[in-house]
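A.B. asks: quick check, what structure comes out for this input:
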Amino acid sequence: MKQKIIPIGMKVLVKKKKSDDFFPGTNIIIPETAKEEEYKAFVVAVGDEVTNIKVGDLIQYADYCVPTKMKHEGEDHLLINVGDIFAVIVNE
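C.D. replies: From the prediction side, this is the model:
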């Protein structure tokens with residue numbers, strides 16, 4: 001049975017953005033040892049008190065953030081405090 005997580009209050013459920021496997025615009029593979037930790041994630045659900053962030057947003061969160069790891073619909077997700085989110089990232 002798959003669980004569905006519904007955040008409450010000032011919490012946000014996110015799915016970490018996968019790191020790029022190739023250097024941008026090339027077919028050159030980035031080795032695992034050269035990849036830097038990215039603190040970016042896609043918002044999957046928001047608590048009832050969250051106002052500036054919506055489902056589907058790509059966010060940047062703090063490197064000192066202490067997320068709670070959770071399984072949502074059978075996949076790994078993170079539950080974080082809205083105060084640990086620095087920005088919504090918009091690609092134009």
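A.B. asks: contact partners for the residue most central in space within the chain?
C.D. replies: Residue closest to the average C-alpha location in the chain (Cα atoms, centre = their mean): Ala41, at 2.0 Å. When contacts are counted by Cβ atoms under 8 Å, 6 or more residues apart in numbering, Ala41 touches 14-17, 58-59, 61, 78. Bear in mind the C-beta positions are built from the backbone N, C-alpha and C, glycine included.
A.B. asks: adding secondary structure, write these out as TSV.
C.D. replies: TSV is the format used below for these (DSSP: H, G, I helix; E, B strand; the rest coil):
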residue	secondary structure
Val14	strand
Lys15	strand
Lys16	strand
Lys17	coil
Leu58	strand
Ile59	strand
Tyr61	strand
Leu78	strand
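A.B. asks: quick one, which of those residues are buried?
C.D. replies: Buried members of those, scored by 16 or more other Cβ atoms under 10 Å, are 14, 16, 59, 61, 78.
A.B. asks: what's the pLDDT at the second one?
C.D. replies: If I follow you right, that is Lys16. With respect to pLDDT, Lys16 scores 91.
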